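Novice: I'll drop the sequence and a predicted model, then ask my questions.
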Amino acid sequence: MIPLSWYVLFSAALFCIGLYGALARRNALAILMAIELMLNAVNINLVAFWRYITPDIIVGQAFALVVFAVAASEAAVGLALIISIYRRRHTVAAEEIDMLKW
Amino acid sequence: MLSLLQIAFLVAAFLTIVSAIMVVSTPSMVHAALWLILTLAGVAVFFVLLNAGFLAVVQIAVYIDAIAIMIIIVVMLTQEATRQRIRQVSKTWWGAAIAALILFAGLIALFTQTPALAVDAPTLAMSQEALLEDLGTALVDVNRYIIPFEVASVLLLAALIGSIMVAWPLVRGKDEEVDA
């Protein structure tokens, strides 16, 4: 049987890769993809803890579905923002989108 | 001696981690989006290994079908600004790498002190069909998770309307003076 620690270790690695991508990349699209990686890592954790710790209460899977909905909304709004910014300013680099910066 | 399930886990974990690293490191946005699809498929394998078949199907239907394809379309729409010759990582990328490594090391240190992680998977009391049915009724049961479920649906509707509003085509003359 697979120990729970394998799943937790794997999702920690996936989360940290996503964190690096979200912090280091210049392209707003790449940042969005890295955030999707982080949300996936969280989902694996939720389902793994449901399976190993509370298999009788389905809350882990139910909340993972809510995370799916949040990820879909986030992707839709984020991509709409990127398209809108690209139309107006012809850039998708996060550091060039600084109109609100003091 | 590794069992078959453990080998499946290790292969899927290796593929997923490698493709996740490619997502955050490849300079081409189209390639990053394709690697992202492989990563998401790898995560679906873990849902199958965890007896959450429904979530694996949702992972493929929502993430790979909808989100990944949407990302690829936006990559193509913004091709001009995402060309490979443009620098893809910020000047302080090493700071991001250090932050991620510190977080990973801290999490591992935390895991070694958590005895609950050593547990083996308990056998499921219900069959797969009963589990799926339980998940379905739990989401619409007034005494269980109907509030998060309804909040998620309102959030999806709001995101739908909001993204249409945000991505509405520019009106010539009206928006341009705002841009200047």
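Specialist: Arrived safely. On a predicted model such as this, the values are computed, not experimentally measured, just so you know.
Novice: right, and residue B:72 touches residue B:30 too?
Specialist: Yes - under the criterion of CB atoms under 8 Å, residue B:72 makes contact with residue B:30 at 7.0 Å. Backbone N, C-alpha and C define where each C-beta goes, glycine included.
Novice: who's in contact with the residue nearest to residue A:44 when sequence neighbours are not counted?
Specialist: Leaving aside its chain neighbours, residue A:44 sits nearest to residue A:11 (4.3 Å; criterion: CB to CB, 6 or more residues apart in numbering or on different chains). Counting by CB atoms under 8 Å, 6 or more residues apart in numbering or on different chains, residue A:11 touches A:41-42, A:44-45, A:48.
Novice: could you redo the last one with a cut-off of 10 Å?
Specialist: A:38, A:40-48, B:13, B:43, B:46, B:107 (CB atoms under 10 Å, 6 or more residues apart in numbering or on different chains).
Novice: Just send those residues back as a markdown table, with distance to residue B:147 and secondary structure too.
Specialist: Shown next, in a markdown table, are the contacts of residue A:11 (distance: CB to CB, whole Å; DSSP: H, G, I helix; E, B strand; the rest coil):
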| residue | distance to residue B:147 | secondary structure |
| --- | --- | --- |
| A:38 | 25 | helix |
| A:40 | 25 | helix |
| A:41 | 26 | helix |
| A:42 | 20 | helix |
| A:43 | 20 | helix |
| A:44 | 25 | helix |
| A:45 | 22 | helix |
| A:46 | 18 | helix |
| A:47 | 21 | helix |
| A:48 | 25 | helix |
| B:13 | 35 | helix |
| B:43 | 27 | helix |
| B:46 | 28 | helix |
| B:107 | 31 | helix |
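Novice: Quick check: the residue lying closest to residue B:67 once chain neighbours are set aside vs residue A:101, distance?
Specialist: The spatial neighbour of residue B:67 that comes closest, neighbours along the chain excluded (CB to CB, 6+ apart), is residue A:75 at 4.6 Å. Using CB to CB, to the nearest Å, residue A:75 is found at 25 Å from residue A:101.
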